[in-house]
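Chemist: got a sequence here, can you model it:
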Amino acid sequence: MVHAASSNTDVGFGAIGFKGDSAKWVASTSLTHVGLAAGYPGDDDWAVSKPFDLRTVMPDNKGAVNIKAIYQSALTTYTYNYALAGTYKATFVATNQKLGDQKQTVKQIEITVIP
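Modeler: Okay, the predicted model is just below:
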């Protein structure tokens with residue numbers, strides 16, 4: 001069993017051995033349980049975390065650029081230089097979240113770069 005810890009970096013897994021010490025959880029960039037031979041009766045280990053929502057995922061942000069951090073003032077302008085000519089779709093996602101409430105807006109702009 002392998003869990004990619006990088007996808008839930010704040011989950012805080014901890015390894016607990018209840019019975020036996022032949023097999024252990026190994027925590028690194030993934031959480032791996034070193035298994036034993038089939039039918040081995042003498043080991044009971046758990047990986048315990050704080051609660052997290054398995055229905056949520058990190059957005060697909062390949063190529064995404066964070067243009068403002070939460071502590072920064074609102075932006076009035078933003079500049080980005082495209083390296084190649086072509087037609088691009090720039091997508092801006094703004095999120096405002098507080099306890100029990102989240103609002104998000106998405107704006108898209110089509111940009112044509114001419115050499």
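Chemist: what residues does stretch 71-79 touch?
Modeler: Residues outside stretch 71-79 that contact it (Cβ atoms under 8 Å, 6 or more residues apart in numbering) are 67-68. Yep, even glycine has a C-beta here, placed from its N, CA and C like the rest.
Chemist: any stretches of the protein with poor pLDDT?
Modeler: For the chain, the stretches flagged by pLDDT under 70 are 1-15, 20-31, 33-41, 52-61.
Chemist: repeat that with 90
Modeler: The model of the chain has pLDDT under 90 over residues 1-78, 80, 90-105, 115.
Chemist: just the strands in it please.
Modeler: 2-4, 14-19, 25-27, 30-33, 44-48, 86-98, 101-113 (DSSP state E).
Chemist: which of the ones you listed sits most buried?
Modeler: With neighbours defined as mean count of other Cβ atoms under 10 Å, the strands of the chain peak in mean count at strand 30-33, which reaches a mean of 16.
Chemist: the strands of the chain: which one's closest to residue 67?
Modeler: Among the strands of the chain, strand 86-98 comes nearest to residue 67, with 8.1 Å by Cβ to Cβ.
Chemist: thank you kindly, that will do.
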